[in-house]
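Novice: how would this look folded up:
(chains A and B)
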Protein chains: 2
Amino acid sequence: MVPHLTTSLTGPLNELERLVLGKRPEIEHWLRAQFAEHEVPFYASVDLRNAGFKLAPVDTNLFPGGFNNLNPDFWPLCVHAAMSAIQKLCPDAQRFVLVPENHTRNLHYLHNVAVLKRILEGAGLEVRIGSLIPDLPGPTTLETSGGESILLEPLRRSANRVELDGFDPCAVVLNNDLSAGIPPLLQGLEQVVVPPLKAGWSTRRKSQHFAAFNTVAEDFSRLLGIDSWFVNPAFATCGEVNFAEKAGEECLAAAVAQVLDGTRVKYAQYGITEAPFAIVKADAGTYGMGIMTARSPDDVRNLNRKARNKMAVVKEGLEVSQVIIQEGVPTFEQVGEAIAEPVVYMIDQFVVGGFYRVHTERGKDQNLNAPGMEFRPLAFETDCHLPDCTGAPGAPPNRFYTYGVVARLALLAAALEIEALSPEAP
Amino acid sequence: MVPHLTTSLTGPLNELERLVLGKRPEIEHWLRAQFAEHEVPFYASVDLRNAGFKLAPVDTNLFPGGFNNLNPDFWPLCVHAAMSAIQKLCPDAQRFVLVPENHTRNLHYLHNVAVLKRILEGAGLEVRIGSLIPDLPGPTTLETSGGESILLEPLRRSANRVELDGFDPCAVVLNNDLSAGIPPLLQGLEQVVVPPLKAGWSTRRKSQHFAAFNTVAEDFSRLLGIDSWFVNPAFATCGEVNFAEKAGEECLAAAVAQVLDGTRVKYAQYGITEAPFAIVKADAGTYGMGIMTARSPDDVRNLNRKARNKMAVVKEGLEVSQVIIQEGVPTFEQVGEAIAEPVVYMIDQFVVGGFYRVHTERGKDQNLNAPGMEFRPLAFETDCHLPDCTGAPGAPPNRFYTYGVVARLALLAAALEIEALSPEAP
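Specialist: A predicted model of the protein is given here:
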């Protein structure tokens, strides 16, 4: 099952892919050295945008859901990669407690939890699911969209450890992005917690991620001899925005103008005739809430109440006060009639699969990871590790290898970003 | 494509599988600790025999051919595992020279070389093939059974390095088991050589491997609470045998008697009604030459000239003087009408695939890896890493997980075996 891709491949991306394939040994060698030096996140998913003329990450999730959307043929890759991660992070661990999000009615998310559990079990761990749901009455069996059921058990604190009934885990695997803050239950544990608490959205900022990505993109582009703009979306930030009270609107408008102007310069330089746009989103948080497209500074000046309310809060009621304004990268990929963007999954330093996020109702300059989206996952058919060097640059295996490289740049940026956070989570 | 298995699963093996599945976290934890302590071979293939009542490795190849027989769906697993191996053994390497066997007319072997090259390239290396063929006139293109062609280039020595024309490799990957001895060309190199030269058949002895396996099998069996005999074939050795001159025949007969007697005791203990047999094979060397089945000590006393000649030499004319007498493990697996034995492939500490070696002309108590065999590779459909714990012990994913565990025991034995060899190859 390979998605029918109608990507318009024009000069620059072909050129990027040609360079990436031609310098594969140098790139892999460089990535090996980087990941030997910087602690790679336990897992991550990266949303990419392929504009034909540019291929860039637009979001990096360090608590990825959606493992259920990967081609099951790739699960063994996940198992190998998880084995490698465990060998590095907690070689002595035998029993893991997996802490998911508190969504009990999203059956696809529950399927993701079931798949993650299988992957960790495949790596030879005993795994049980510890829930943070405050009012969970006791062990609760839930059906998932995959047809299996999972058992949620209330996570309990005992001195400096968390435990389940009759189960003392060696390590905690978080699949909960801590948008609601770090629960006291998880603070100051003597058990290993992966990813670390500080990687959650109560401390992470997208702007810090993309600042780290600037460094990574510069180094990578020097290796390839390209303008880093071809893999890097520009961004600006506004620190004091209150959508509900219309505060910070001028900062926002100025930042949008700055990003659009910068994009216009690059478009002119490379003969790109698209209309530039910017994406305004909360600097912390996920799930595609608090996101809008701005094609001019005026677009953020005259927001009606509905738009302001939509921007004001993200998941778990977190209020938006810091905002990132990111260069919009149009997607030129389509699956059938629908706009598509690739999402690449990694465990440890390995690309373990990916799929397309598609949206029939949205344009190529809009965020696809949005509430109400029609979500049709399509697993990549080919993996990201065996480019066919004899094929044309646009042939699927080559495209996916290039996706895997750019996704790993974002993974490396996440490693630098987390490294730079203070050792103790607040 | 899943082979139709007619394995008679009787009590003990079901019991073994049940134990293996039940103690998976303990087993994986123990293997992680072992491979953190002992340098795992770069790659290996292990021939297993599944007798229904016993599952044991009978041969461990540290320069495996046959990667072409793996299910291509598993190639990405190979790539990940190769990345992991390279990160450990030679993280700085970018250019590898792959040194194959000198077989230019075995198109399947050449296909194996092409697949290995793709796997290493997939791991981000620049790979060229350096041949040891003494009279290779120059770069030579050969067709493989896979439909692609490979370029063999004469390997050259330059001071303490090997090189090809215009190619200075950082590391040497051997896919040549050095049956003919260590060529001067490869001695004393400053480049990393994987596997090390001492892992070749000029220094390796099967008896040393199975002595190391005794230790591993004991530790593993203690973990599982079983008699190690269920995973370990007994063996004896004779050091001074000359088949051509009929010397050492009595030692051989005594060793056969010892192995058969020991097997009889175990068979009686566990109520097994099979007739015991022993496999007599050269203590060094491969390719199934110099191998015979002995059902009684008399079988090695009255060899006719033809049988003696067959036993006298193995690959590359290496003379057989040291012999290992191994408990025969009958295979109860069949693919269609043919006798079958599983072969499991590993790179680094990861199981990356496997296939069945089948032989229509041979019995369940004979060696299947023999000259003139009819070889019908059948890729395992399922990988060895995701046992289905809800399935019955005999269900294919569970079977293959158990195969992957026993194969890794042999891999660990190879690690100990190589560790025990003197650091300098002679």
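Novice: Contact residues of the stretch 51-200 of chain A facing chain B?
Specialist: A:73-77, A:79-81, A:83-84, A:86-87, A:91-95, A:118, A:121-126 (Cβ under 8 Å from any Cβ of the partner chain). To be clear about C-beta, it is placed using only N, CA and C from the backbone, and glycine gets the same treatment.
Novice: The residues you listed, buried ones only, as a PyMOL selection?
Specialist: The PyMOL selection below is limited to those of these classed as buried (16 or more other Cβ atoms under 10 Å in any protein chain shown):
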select buried, chain A and resi 74+75+76+77+79+80+81+83+84+86+87+93+94+95+118+121+122+123+124+125+126
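Novice: Give me the subset of the residues of the stretch 51-200 of chain A next to chain B lying in strands.
Specialist: A:Arg95, A:Glu126 (DSSP state E).
Novice: Run a quick neighbour tally on A:Ala282.
Specialist: 27 (other Cβ atoms under 10 Å in any protein chain shown).
Novice: Does it touch A:Ile325 like I think?
Specialist: No - in this structure A:Ala282 lies outside contact range of A:Ile325 using Cβ atoms under 8 Å: 11.3 Å.
Novice: Make sure I have this right: A:Arg357 is in a strand.
Specialist: Yes - counting by DSSP: H, G, I helix; E, B strand; the rest coil, A:Arg357 is located in a strand.
Novice: Help me confirm that it comes into contact with A:Ala338.
Specialist: No - with contact defined as Cβ under 8 Å, A:Arg357 does not count as touching A:Ala338 (9.7 Å).
Novice: pLDDT-wise, which helix or strand of chain A ranks last?
Specialist: strand A:378-379 (a mean of 60; mean pLDDT, DSSP states H and E).
Novice: Quick check: phi and psi at A:Ser226.
Specialist: Careful, residue A:226 is Ile; it's not Ser. Backbone torsions for A:Ile226, taken as degrees, to the nearest 10, come to phi -130, psi 170.
Novice: ok, now A:Lys246?
Specialist: With angles defined as degrees, to the nearest 10, A:Lys246 sits at phi 60, psi 20.
Novice: if I pick it, what's in contact with it?
Specialist: A:Leu303, A:Arg308 (Cβ atoms under 8 Å, 6 or more residues apart in numbering or on different chains).
Novice: cool, A:Ala236 as well?
Specialist: A:Ala255, A:Gln258, A:Val259, A:Ile324, A:Ile325.
Novice: Could you tell me whether it really is in a helix?
Specialist: No - counting by three-state DSSP, A:Ala236 is not found in a helix; it is strand.
Novice: Distance of it relative to chain B?
Specialist: Per Cβ to the nearest Cβ, to the nearest Å, A:Ala236 is found 35 Å from chain B.
Novice: Give the other helices and strands that the helix or strand containing A:Ala414 contacts.
Specialist: Here A:Ala414, judged by DSSP states H and E, is contained in helix A:396-420. Applying 3 or more Cβ pairs under 8 Å, 6 or more residues apart in numbering or on different chains; DSSP states H and E, one finds that helix A:396-420 contacts helix A:11-22, helix A:24-37, strand A:43-50, strand A:55-61, helix A:206-224, strand A:338-347, strand A:350-359.
Novice: Perfect, I'm done here.
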